[in-house]
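Q: I would like to see how this sequence folds:
(2 chains)
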Amino acid sequence: MMWLIATREFRTRTLAKANLISTSIMLVLVVGGALLAKPFLSDTEPEATVLAVDSATAAPLIPFIEAAAEAQGMDVEIEELDAEVDGADTTLPEDAAGLIVGPVETPELFMEDSDDAVVALVHSATQAAVLDAQVTDLGGDPAQIGAALAAATPTVTPVGDADDFDPETFFAGLVVCVVLFVVLIQSASVIMMGVVEEKSSRVVEVLLATVRPVTLLGGKVLGVGLYSLVQAVTLFLPILFASWYLGFLESLEVPVGTIVANFAVWFVLGFAIFTIFFGGLAALVSRQEDIGSVTTPMMLLMMVPLYLAIYLVPNNPDGTATVVLTQIPFFAPFMVPMRAAFGAISTGETVLAVVICLVTIPVLTWIAGKVYAGAVLNTGGRMKLTEAFKRG
Amino acid sequence: MAVLEIDGLEKSYGAVRALDGVSFNVPGGEIFGFVGSNGAGKTTTMRIILGVLRGDGGQVRWNGTPVDLSVRKRIGYMPEERGLYPRMKVGEQLVYLARLHGMDVAEATASMEHWTEVLGVSERRHDEVDKLSLGNQQRVQLAAALVHDPEILVLDEPFSGLDPVAVAVMSDVLRGQAAKGVPVIFSSHQLELVERLCDRVGIVKSGRLVALGTTDELRTTERLQWELGLADGDLTGTWPGVTVTAQGDHTWLVEADSRAAAQAVLASAVSQATVTQFAPVRPSLTDLFQDVVSETEEGSDA
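A: Purely as a prediction, here's the structure:
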């Protein structure tokens, strides 16, 4: 029964013309924008540096240049050719940044514009080649020497109270909290509109003759929840596609998996907690015009946990206030992801917060269902919360 | 025998006593008219039957067991304030409501097609409800009450705002449902219609049922009155136990304490002039309603 109600909610919202149009516009903007932007963005991408190498004199340098380029993270393309050297009048092949002519131990590098990176690359490649030759002459194994050299890097250990504020993790946590907030506000207002619509069109009386108020409210929350989820995914997937297509994903250095998992869990829990609550309250008013009298204070109240999470957690991730608020259902959906982004929450705390929320949901459903049942048939002005609760 | 029992319903809104022990039974197959002035308690009673509202006392039973959600799913209800999703298509909406009452998709669709056909809104299945005229919305509302093939019908003012054709269609539907053995309760202010359609009538006043019975029973009063009409001339004379209570143009209203006394009046009238009519006068439901309502008002004032 609840599923039937949820399906209707979902279908009506999803198939609404306005929704289809705005979603397609977003899709076209994001995907089309990515497709259009790609050629411009790839122009600015560093192209491979082309190095021309004289095959007669400098060919043995090629493996060393490639190894050095890899070690330095440079994208180098080698072009072998038979060079004609004519001092300062030497002509470089087209597109080549430089031309290397032997002998291997003391190569000559011809360049139009001096590029320090290329010079340094050729320098270290030459040194490596010389070292390799010397080691071999002395009867050693160049590969072993190379491995030993590669391992010879210092380990850095920070000492004392370093400032561990990391703007990137803060930003990641902030994004989760703000997106959660926006999604919750949006879904809550969709639910409230739905409740008031049923109330003002009086269809609720027909429905209540066959469905329990709690079932009706539950179905609504479920349906709008699925709608919001699909909505979020239809926006998230194109953005993900666009980021991948434009090559933004590789440069991301935050734990995306953890963030997405956190978002998923707290989306569901936060959604249940806030929308059930808002749905019950929406029954207090009878007309769309009056909905603001209930929603505005609620929206303001919802900003409190958001701001506390944003300001409290970065400054004091383990403080008493933070730890206590983490366990309060209305705060947890914002506190936990934020603290998780900072890595400042133990698994035990997270589990406890989830359990407390799970326990709260039925209680909240009961209260909201009672308020809803008491108020939903009341017409006219705004109803008092306590009166609705008593009647329900 | 299937019977819907309404037993001692009570309901107060704060200091206002909306229902004060309303009791009546409606057996299957009967059309029961629920009459009363605005605010008398009709809608409250119906809402309590549907469980949309919780009564303070009393019980509603179907076949002897208290009505619960599973029984309520078998009731067809038309609330006083019409309610449908304005932006949902007629067909979709009716199928949805039928499924909420427990039908599967195939049954619900077949039933939707049947009732939109019967009620003359089959052309509008693919239109959103708020695109329809008020009369057609009303027909859809009745379809919504019937679409799940209910065992009981409770209709609050089903005839208000309907044109005569729609009234006829709806009357036929109600008769058809009653013939199937469904108890039909409906409220109306159109008393002639109630009189014509209903097997029994209950008049409710200030939360109490002040009259209950078949229309014939209700119209039978202790005062025996006849209307006498003469083609010409005058009605003269006195008869024991008879008084002339009113006189119109060639008509007289006589009240007699027995049928024999009335016959004496008729005999003497026949001997005096040409009698055009002589018929017992029984109050219409409208008169009765006004009587009952004003009586109890006086009663409660005293």
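
Q: Just to be sure, B:Val244 is in a helix?
A: No. The assignment for B:Val244 is strand, going by DSSP: H, G, I helix; E, B strand; the rest coil, so no helix is present there.

Q: Relative to A:Leu121, how far out is it?
A: Separation of B:Val244 from A:Leu121 (Cβ to Cβ, to the nearest Å): 132 Å. Backbone N, C-alpha and C define where each C-beta goes, glycine included.

Q: what's near enough to touch the closest residue to chain A within chain B?
A: Chain A sits closest to B:Gly83 of chain B, with a gap of 3.2 Å, by Cβ to the nearest Cβ. Shown in contact with B:Gly83 (Cβ atoms under 8 Å, 6 or more residues apart in numbering or on different chains): A:Ser201, A:Arg202, A:Val203, A:Val204, A:Glu205, A:Val206, B:Gln141.

Q: what pLDDT does the residue nearest to the spatial centre of chain B get?
A: Nearest to the mean C-alpha position of chain B, counting by Cα atoms, centre = their mean, stands B:Gly33 at 2.1 Å. pLDDT for B:Gly33: 92.

Q: before we move on, which element is it in?
A: strand B:31-36 (DSSP states H and E).

Q: same deal with A:Ala67?
A: helix A:62-72.

Q: Now do whatever helix or strand comes next after that helix, average pLDDT.
A: Sequence-wise, the next helix or strand downstream of helix A:62-72 (DSSP H and E) is strand A:76-81. The average pLDDT for strand A:76-81 rounds to 84.

Q: Give the pairing partners of strand A:76-81; include direction for each.
A: As defined by DSSP bridges, the strand partners of strand A:76-81 come to strand A:49-54 (parallel).

Q: Close to chain B: what parts of the stretch 201-350 of chain A are there?
A: Applying Cβ under 8 Å from any Cβ of the partner chain, we find that the stretch 201-350 of chain A lies next to chain B at A:Ser201, A:Arg202, A:Val203, A:Val204, A:Glu205, A:Val206, A:Leu207, A:Leu208, A:Ala209, A:Thr210, A:Val211, A:Arg212.

Q: 6 Å - rerun?
A: Contact residues, the stretch 201-350 of chain A versus chain B (Cβ under 6 Å from any Cβ of the partner chain): A:Ser201, A:Arg202, A:Val203, A:Glu205, A:Val206, A:Leu208, A:Ala209, A:Thr210.

Q: Mind picking the two most distant members of those?
A: The most widely separated members of those are A:Ser201 and A:Thr210, with 16.7 Å between them, by Cβ to Cβ.

Q: Same drill for those two, tell me which one is more crowded.
A: A:Thr210 (23 against 20; other Cβ atoms under 10 Å in any protein chain shown).

Q: Point me to the residue of the stretch 151-300 of chain A nearest chain B.
A: A:Arg202 (3.2 Å).

Q: Now do the domain split for the chain, please.
A: Here I'm looking at chain A. A:49-145, A:166-391 (automatic domain parsing).

Q: Please refer instead to chain B.
A: Here the domain assignment for chain B is B:3-214, B:222-281, based on automatic domain parsing.

Q: Lowest average confidence across the ones you listed, which one?
A: domain B:222-281 - the lowest mean pLDDT of these, at a mean of 82.

Q: returning to that earlier point: any residues touching the strand holding B:Gly33, and which ones?
A: B:26, B:42, B:178, B:184-185, B:187, B:194, B:197-205 (Cβ atoms under 6 Å, 6 or more residues apart in numbering or on different chains).

Q: hey, C-alpha coordinates of that strand in PDB?
A: Below are the C-alpha coordinates for strand B:31-36, written out as PDB (Å, rounded to 0.1, in the frame of the first residue of the first chain):
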ATOM      1  CA  ILE B  31     -31.200   3.400   0.400                       C
ATOM      2  CA  PHE B  32     -31.100   5.500   3.500                       C
ATOM      3  CA  GLY B  33     -31.600   9.200   3.300                       C
ATOM      4  CA  PHE B  34     -29.800  11.300   5.900                       C
ATOM      5  CA  VAL B  35     -31.400  14.700   6.300                       C
ATOM      6  CA  GLY B  36     -30.700  17.600   8.500                       C
END
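
Q: Could you check how far the helix or strand following that strand is from the centre of its chain?
A: Following strand B:31-36 in sequence order, the next helix or strand is helix B:42-50 (DSSP H and E). With Cα atoms, centre = their mean, to the nearest Å as the basis, helix B:42-50 stands 14 Å off its chain's centre.

Q: ok, so what distance separates A:Ala143 from A:Asp132?
A: Distance from A:Ala143 to A:Asp132, by Cβ to Cβ: 9 Å.

Q: Tell me which of the two has more neighbours.
A: Counting neighbours by other Cβ under 10 Å for A:Ala143 and for A:Asp132 shows that A:Asp132 has the greater number, 19 against 10.

Q: So B:Asn25 belongs to a strand, correct?
A: Yes. B:Asn25 forms part of a strand when assessed by three-state DSSP.

Q: bridging residues for it?
A: B:Glu5.

Q: how close does it sit to B:Phe32?
A: Counting by Cβ to Cβ, the gap from B:Asn25 to B:Phe32 is 9 Å.

Q: And for A:Thr155?
A: 92 Å.

Q: which one of these two has more residues nearby?
A: Shown here are A:Thr155 and B:Phe32; by other Cβ under 10 Å, B:Phe32 has more neighbours (25 against 4).

Q: how deep is A:Val211 tucked in, by neighbour count?
A: A:Val211: 23 neighbours (other Cβ under 10 Å).

Q: before we move on, what about the one 5 residues further on?
A: Around A:Leu216 there are 25 other residues, counting by other Cβ under 10 Å.

Q: just the one 10 residues further on next, same as before
A: Neighbourhood size, A:Leu226 [other Cβ under 10 Å]: 16.

Q: Could I get the contacting residues of the nearest residue to it once chain neighbours are set aside?
A: Closest residue to A:Leu226 apart from its sequence neighbours, by Cβ to Cβ, 6 or more residues apart in numbering or on different chains: A:Phe10 at 5.0 Å. Applying Cβ under 6 Å, 6+ apart to A:Phe10 gives the contacts A:Gly223, A:Leu226, A:Tyr227.
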